[in-house]
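A.B. asks: How does the following fold in three dimensions:
(one chain, ligands or ions: 2)
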Amino acid sequence: MWINYKFSTIIPHYFHTISTRQIIDYELVFYYNNLCMKEEVKIWDNLLDEISKDVSSVSFDLWFKNLEPISLDFGKLILVCSSDKQKELLKSPDYKKYFTNSIKKLNNPLVTECVVINKNEKESYIKDNKSIELESSKEDSIEENVPYKFNENYTFDNFVVGNSNNIAKAAAFAVAQNPGKSHNPLFIYGGVGLGKTHILHAIGNYVTSHNPSANIIYTTTEQFVNNYVYSITHNKNNEQNFKFREKYRKADILMLDDVQFLSGKDSSQEAIFHTFNDLYQANKQIVLTSDRHPRELNFLEERLRSRFQSGLNVDISSPDLETRIAIIQKKAFQQNFNFSKSIVYFIAENITSNIREIEGALKKVIFYCQLNNKDCADDLSIVREALKDDIDISSHILTMDSITDAVCSYYNITKEEIKGGKKSKNIALPRQVAIYLILELLSLPQMTVSDYFGGRDHSTIIYARDKISTSLETDNLLKKQVKDIRNIIQKN
Ligand code: ADP
Ligand code: MG
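C.D. replies: Ligands and ions are numbered 1, 2, ... in the order given. Model (predicted):
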């Protein structure tokens, strides 16, 4: 897991095991250590936040603020203090409780206890814990012949296709059917939560089921770097280096997720370059993902950047409304929880950034509905409450529902009536007005509006819109009514 040494302490320890060539990798080891240090620092920052809420500012400044987190070992966060007095005090029950409470509040499984040591103990702590360091970094050692377990939910069948991702899906599917032959390398880029990792797993699942003996390696770039660092820092008799090369170069398909994390890791870039060349020349498939187009990966060495661009580059963008609706319906179905159409639209209209957020929103909505003893999501007020942190409820949200509500309240009819089949004038006119306003105010496809109004024929929707639009040119009463309704919509 974590290497617990800072650069200065790791060098002497490993010096005898590394070759001259690898000395340049110290930069990388240093980077790696910084990377690893981050977690304990981050955790300590969060704990400090909690502690500051519980203790006086004087105590906080005197006793807690200057503690230095040096490592995180199996849940123990080691903190170095500056004097014996401070250590003694922090170990007393009166002060210890602040650590315990903050850990409880933070609720992060990585930390279960804070251990305070003083400056003098720091050196010997580091020495005595060498074994922990070696053992804990085993996770990064190179495992061979262990098939990767792909997430079984991340399949092509479960991947909802729309304008934003159809090309990426088609390219990935072609690769899965014909690895090494169609698009090599395939480079998929796009923002977070848009399905890049899902697609890689889908390739993995597909190939595994059609060709169980294929050697498919999926790895995050972070894990690749960790493996590489391990191979150079634990390289007795060149064994680890050899294992590293063997592992990656024996792949039939190598999938490297989030290559933007290669930033600043020059040695790992070199390792990837050589791996890439070997695999490519052997017609083995390479699939890469990133948050941006390879040409924008400025930190990459030119030769690697041009390799990444040499195959097919496809992007995934934010899903449009139609796709969001389809995704919500699919996810709701998978969760076995019913969502009314208007709630599906409400979520789709308001959670627009990415699919991970849509998934989070659905989970919250289901949770809130269950709290309210409801077995389906059909109550807008519960959904608004559930999503109050995710969408700006205070700002004006225009939805088909909010427009229809305004029309119904203006004409004093019910939503069932406006969406129902009655053709009497007192219902038909409000219905046409609602359709007109929805199409005018929201850029929705007519199909979606047809659906919303009980699956009415497409031509009925067009007729309603055109009729109101023409009447408005001459009918002053209608003009006033539509103006009043617009005002209601704006105020809601
Ligand atoms: P990324 O790797 O681009 O950050 P992920 O692949 O982790 O995004 O996707 C985030 C979540 O959204 C996952 O649970 C994934 O299954 C889901 N997801 C993304 N795109 C789709 C899609 N088109 N259809 C269904 N689920 C999707
Ligand atoms: Mg991802």
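A.B. asks: pLDDT below threshold where in the chain?
C.D. replies: 1-38, 73-74, 109, 126-145, 235-237, 392-397, 490-492 (pLDDT under 70).
A.B. asks: Would you state the strands of the stretch 251-400 of the chain in chain order?
C.D. replies: Assignment of strands within the stretch 251-400 of the chain using DSSP state E, counting those that start in this stretch yields the ranges 253-257, 285-290, 312-316, 338-339, 376-377.
A.B. asks: Give me the distance from the fourth one to the chain's centre.
C.D. replies: What that stands for is strand 338-339. With Cα atoms, centre = their mean, to the nearest Å as the basis, strand 338-339 stands 24 Å off its chain's centre.
A.B. asks: what are the pairing partners of it, and which direction each?
C.D. replies: strand 376-377 (parallel) (DSSP bridges).
A.B. asks: go on, the first one?
C.D. replies: Sheet neighbours of strand 253-257, with direction, are listed as strand 216-220 (parallel), strand 285-290 (parallel) (DSSP bridges).
A.B. asks: show me what contacts D451?
C.D. replies: Residues near D451 by Cβ atoms under 8 Å, 6 or more residues apart in numbering: K341. From N, CA and C alone the C-beta is placed, and that goes for glycine too.
A.B. asks: ok so, going back, with mean neighbour count and distance to Q177 as new columns, can the strands paired with strand 253-257 be given to me in a markdown table?
C.D. replies: Below are the strands paired with strand 253-257 laid out as a markdown table (neighbours: other Cβ atoms under 10 Å; distance: least, Cβ to Cβ, whole Å):
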| stretch | mean neighbour count | distance to Q177 |
| --- | --- | --- |
| strand 216-220 | 20 | 14 |
| strand 285-290 | 26 | 11 |
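A.B. asks: can you list the ones you listed in a markdown table and add distance to S459?
C.D. replies: Converted to a markdown table, these look like this (distance: least, Cβ to Cβ, whole Å):
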| stretch | distance to S459 |
| --- | --- |
| strand 216-220 | 49 |
| strand 285-290 | 44 |
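A.B. asks: Distance to ligand 1 for those strands - can I get that in CSV?
C.D. replies: Shown next, in CSV, are the strands paired with strand 253-257 (distance: least, Cβ to the nearest ligand atom, whole Å):
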stretch, distance to ligand 1
strand 216-220, 10
strand 285-290, 7
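A.B. asks: Could you say which one of those comes nearest to C114?
C.D. replies: strand 216-220 (29.6 Å; Cβ to Cβ).
A.B. asks: Can you show me the CA trace of the closest one as CSV?
C.D. replies: C-alpha atoms of strand 216-220 as CSV (Å, rounded to 0.1, in the frame of the first residue of the first chain):
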residue,chain,number,x,y,z
ILE,A,216,-6.6,-9.2,-20.9
ILE,A,217,-5.0,-6.7,-18.8
TYR,A,218,-7.0,-3.8,-17.5
THR,A,219,-5.2,-1.3,-15.3
THR,A,220,-5.6,2.2,-14.0
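A.B. asks: C-terminal to it, which secondary structure element comes first?
C.D. replies: Per DSSP states H and E, the first helix or strand lying C-terminal to strand 216-220 is helix 221-233.
A.B. asks: In the stretch 351-492 of the chain, which residue sits nearest ligand 1?
C.D. replies: Distance from ligand 1 to each residue of the stretch 351-492 of the chain (Cβ to the nearest ligand atom) is smallest for I355, at 3.6 Å.
A.B. asks: Show the contacting residues for that residue.
C.D. replies: I355 makes contacts with G193, L194, G195, P319, I327, as judged by Cβ under 8 Å, 6+ apart.
A.B. asks: now do 10 Å
C.D. replies: Counting by Cβ atoms under 10 Å, 6 or more residues apart in numbering, I355 makes contact with 160, 164-165, 192-195, 198, 316, 318-319, 323-324, 327-328, 331.
A.B. asks: Which among the residues you listed count as buried?
C.D. replies: Among the contacts of I355, those buried by neighbour count (16 or more other Cβ atoms under 10 Å) are 160, 164-165, 193-195, 198, 316, 318-319, 323-324, 327-328, 331.
A.B. asks: from those residues, which is closest to V115?
C.D. replies: Using Cβ to Cβ, those come closest to V115 at G193, 37.0 Å.
A.B. asks: Apart from its neighbours in sequence, what residue is nearest the closest residue to ligand 2 within the stretch 351-492 of the chain?
C.D. replies: Closest residue of the stretch 351-492 of the chain to ligand 2, Cβ to the ion: R356 (9.1 Å). Nearest residue to R356, sequence neighbours excluded (Cβ to Cβ, 6 or more residues apart in numbering): G193, at 3.2 Å.
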